[in-house]
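Engineer: Provided below are the primary sequence and the corresponding predicted coordinates.
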Amino acid sequence: MELKTKTLTAAFWVGLTSAFSKIVSFATTLILARLLTPNDFGLIAYGFLIIGSIGIFREMGLNRALIYQKRDIATAANTAFFLILAWSVVLYFLAFFSSPYLALFFNESNLNLLIKIMALSLVLTSLTDVPFSLLEKEIRFKQRVIPESIQLTTYGIVSTIAAFKGCGYWSFVIGQLSADVLQLGAVWFVSEWRPRLAFSRKMAVELFGFGKNIMGLGVVFFAIRNIDDAFVGKLLGTATLGIYNFAYRIANIPATHITNVIGRIMFPVYSKISNYTFDLRNAFLKTLRVTSLVSIPVAFLIVLVTPDFINLYFEKWRAAILPIQLLAIYGLIRSLGSGMGGVFLAKGKPEIMLKISAVQLIILGIFLYPVTKLSGVTGVCALVIISIFYSFIMNYRKLKNLIGFAHNQIFQILFPILIFSSVSYIIPLIVCGLLRTETTLSIFVLKLLLMLTIYFTLILIFFKDIRNVIWDKLKFLS
């Protein structure tokens, strides 16, 4: 009962923060897209790609290992803290001294200084890892969300002001570093844990024994999510990379803003019930249902309103319309599959995901060059959809064997939501098509309201449990 209460409380606070962060992040992206150019987005995409590539090795999987750790938590926390900090400093200097060569490789001289400054984020964030992990381990998300909210708000406000002041692509960097500094102060304010000058070599070996698979998985996941950026930028140019990066940010709302929330809550919950297969299976199925109820209609909504929205407000980004629509499919599949990872980790089986993801990466590595050359950004979008679909199917098969659910259980969850989302998508298209008018604000709003109204109406009609929950809440409020 205590675990259920903690989970529900965590869901409330993380959900609240997610809604807030989604609004701030989405608004910031749109404002910056209005003020900056595709070339600016492309240049900063290079920067995030390079710093992310180096930073993926930063915490060595120790954060997840600390959450998974069942004994001697104080020693584990101190050991992880000093390991992560020391290694992050090493990685900063690696980024610093390699920046001229990376700028030469991508044929962008501005990258030299950009990488040196952006790499400071590696050290700043290393100081927040252990306090964040301990709060997450204890499912104390009410305290955890405060620094995140401050970080997101700071990034949005500072980067927007910098863009208005004409800072160009530096707006992203100024916003990010300002946000990292304030998040650092906030997390140490809300966390009671303080490091002690204590280090256990035995504990380091134990943590890394679990963390090495997590790090390997993180490296593969990062490569999967970013190898396309590298090929698009190198073969098609900085401006085209900016278009692709903008499309990816918008289209991946289901994966990056919705399922990340659920995944963060459920991994520590799954870890606590990992020895009880029945409970773990039920928790996974309930999580999949919640994820699907949100992610599927959001993906359909992105496909529906993107052309009108871009044509109304972002004419210089028209080339991003089709990539956004295609990548919305990628984001949906990634979203639906994200819950599987928490179960594999909770069962101590990260190697399953690692092997499947490695094959996915090989598929991308083999085909990205010819596809990018022959079909451009559209071909790249199609390829990443195919690769993520392969990963989803293989992970699904392995998870079925691990916790023993039936195909019918998944079908009963996904099928009605897919039908409701499809109907909610088709009807606004038909209605607005019959009006025979050019793209206007009224058409955009009509599509948006029609789809949301139809979807929520169908959910309330056919899902009695959701209807009862809403009714009970309304009675309580009255």
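Structural biologist: Great, that's in hand.

Engineer: State the number of residues packed around Ile146.
Structural biologist: 18 (other C-beta atoms under 10 Å). (C-beta placed from N, C-alpha, C; glycine too.)

Engineer: before we move on, what about Phe278?
Structural biologist: Neighbour count of Phe278, defined by other C-beta under 10 Å: 10.

Engineer: Can you give me the separation between it and Gly404?
Structural biologist: Going from Phe278 to Gly404 by C-beta to C-beta, to the nearest Å gives 9 Å.

Engineer: Read off the pLDDT value for Ile265.
Structural biologist: pLDDT recorded at Ile265 is 64.

Engineer: typo on my end, Ile51
Structural biologist: pLDDT, read off for Ile51, is 88.

Engineer: Next SSE downstream of the host helix or strand of Val205?
Structural biologist: Under the criterion of DSSP states H and E, Val205 resides in helix 201-236. The first helix or strand that comes after helix 201-236 along the chain, using DSSP H and E, is helix 238-251.

Engineer: Report the backbone C-alpha coordinates of that next one in PDB.
Structural biologist: What follows is helix 238-251, C-alpha atoms only, in PDB (Å, rounded to 0.1, in the frame of the first residue of the first chain):
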ATOM      1  CA  THR A 238      24.100  22.600 -41.700                       C
ATOM      2  CA  ALA A 239      20.800  24.200 -42.700                       C
ATOM      3  CA  THR A 240      19.300  20.800 -43.700                       C
ATOM      4  CA  LEU A 241      20.400  19.400 -40.300                       C
ATOM      5  CA  GLY A 242      18.600  22.400 -38.700                       C
ATOM      6  CA  ILE A 243      15.400  21.400 -40.500                       C
ATOM      7  CA  TYR A 244      15.800  17.800 -39.400                       C
ATOM      8  CA  ASN A 245      16.600  18.700 -35.800                       C
ATOM      9  CA  PHE A 246      13.600  21.000 -35.600                       C
ATOM     10  CA  ALA A 247      11.400  18.300 -37.000                       C
ATOM     11  CA  TYR A 248      12.700  15.700 -34.500                       C
ATOM     12  CA  ARG A 249      12.100  18.000 -31.500                       C
ATOM     13  CA  ILE A 250       8.500  18.600 -32.500                       C
ATOM     14  CA  ALA A 251       7.700  15.000 -33.600                       C
END
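
Engineer: What helices and strands are in contact with it?
Structural biologist: helix 2-35, helix 38-55, helix 201-236, helix 277-313, helix 321-346, helix 350-403 (3 or more C-beta pairs under 8 Å, 6 or more residues apart in numbering; DSSP states H and E).

Engineer: between these, which gets nearest to Leu452?
Structural biologist: helix 277-313 (7.7 Å; C-beta to C-beta).

Engineer: So, low pLDDT: which residues of the stretch 301-450 of the chain?
Structural biologist: Counting by pLDDT under 70, the stretch 301-450 of the chain shows low-confidence ranges at 436-439.

Engineer: how does it look with 80?
Structural biologist: Across the stretch 301-450 of the chain, the ranges flagged by pLDDT under 80 are 313, 338, 345, 348, 350, 435-440.

Engineer: give the contact list for Ser387.
Structural biologist: Ile224, Gln360, Ile363, Leu364 (C-beta atoms under 8 Å, 6 or more residues apart in numbering).

Engineer: which among those gets closest to Phe105?
Structural biologist: Within the contacts of Ser387, proximity to Phe105 (C-beta to C-beta) peaks at Leu364, which comes in at 19.4 Å.

Engineer: Quick check: next helix or strand after the strand or helix carrying Thr75?
Structural biologist: Thr75 belongs to helix 73-105 when elements are defined using DSSP H and E. The first helix or strand that comes after helix 73-105 along the chain, using DSSP H and E, is helix 111-118.

Engineer: Which positions in that next one come out as buried?
Structural biologist: Leu111, Leu114, Ile115, Lys116, Ile117, Met118 (16 or more other C-beta atoms under 10 Å).

Engineer: Make a markdown table from those residues and add pLDDT and distance to Leu452 to it.
Structural biologist: A markdown table is the format used below for the buried residues of helix 111-118 (pLDDT from 0 to 100; distance: C-beta to C-beta, whole Å):
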| residue | pLDDT | distance to Leu452 |
| --- | --- | --- |
| Leu111 | 90 | 42 |
| Leu114 | 92 | 40 |
| Ile115 | 92 | 42 |
| Lys116 | 93 | 46 |
| Ile117 | 93 | 42 |
| Met118 | 92 | 38 |
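
Engineer: Please convert those to TSV, extending it with distance to Gly341.
Structural biologist: Listed next are these as TSV, based on distance: C-beta to C-beta, whole Å:
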residue	distance to Gly341
Leu111	32
Leu114	32
Ile115	30
Lys116	34
Ile117	33
Met118	28
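
Engineer: Taking those, tell me the two that lie furthest apart.
Structural biologist: Leu111 and Ile117 (10.8 Å).

Engineer: Which neighbours do those two have in common?
Structural biologist: Here Leu111 and Ile117 have no joint contacts, going by C-beta under 8 Å, 6+ apart.

Engineer: could I get the helices and strands packed on helix 238-251 as JSON lines with distance to Leu104?
Structural biologist: Below are those laid out as JSON lines (distance: least, C-beta to C-beta, whole Å):
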{"stretch": "helix 2-35", "distance to Leu104": "27"}
{"stretch": "helix 38-55", "distance to Leu104": "12"}
{"stretch": "helix 201-236", "distance to Leu104": "12"}
{"stretch": "helix 277-313", "distance to Leu104": "35"}
{"stretch": "helix 321-346", "distance to Leu104": "28"}
{"stretch": "helix 350-403", "distance to Leu104": "20"}
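
Engineer: So which of those is nearest Leu102?
Structural biologist: helix 38-55 (5.6 Å).

Engineer: Can you show me the CA trace of the closest one as CSV?
Structural biologist: C-alpha atoms of helix 38-55 as CSV (Å, rounded to 0.1, in the frame of the first residue of the first chain):
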residue,chain,number,x,y,z
PRO,A,38,17.7,26.7,-39.8
ASN,A,39,21.5,27.3,-40.0
ASP,A,40,21.5,28.3,-36.3
PHE,A,41,19.5,25.2,-35.4
GLY,A,42,21.9,23.1,-37.4
LEU,A,43,25.0,24.5,-35.8
ILE,A,44,23.7,23.9,-32.3
ALA,A,45,22.6,20.4,-33.3
TYR,A,46,26.3,19.7,-34.1
GLY,A,47,27.2,21.0,-30.7
PHE,A,48,24.6,18.9,-28.8
LEU,A,49,25.6,15.9,-30.9
ILE,A,50,29.3,16.2,-30.0
ILE,A,51,28.8,17.0,-26.3
GLY,A,52,26.2,14.3,-26.1
SER,A,53,28.5,11.8,-27.7
ILE,A,54,31.2,12.6,-25.2
GLY,A,55,28.8,13.0,-22.3
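
Engineer: low pLDDT regions in the stretch 151-300 of the chain?
Structural biologist: Ranges of the stretch 151-300 of the chain meeting pLDDT under 80: 190-193, 195-219, 221, 253-275.
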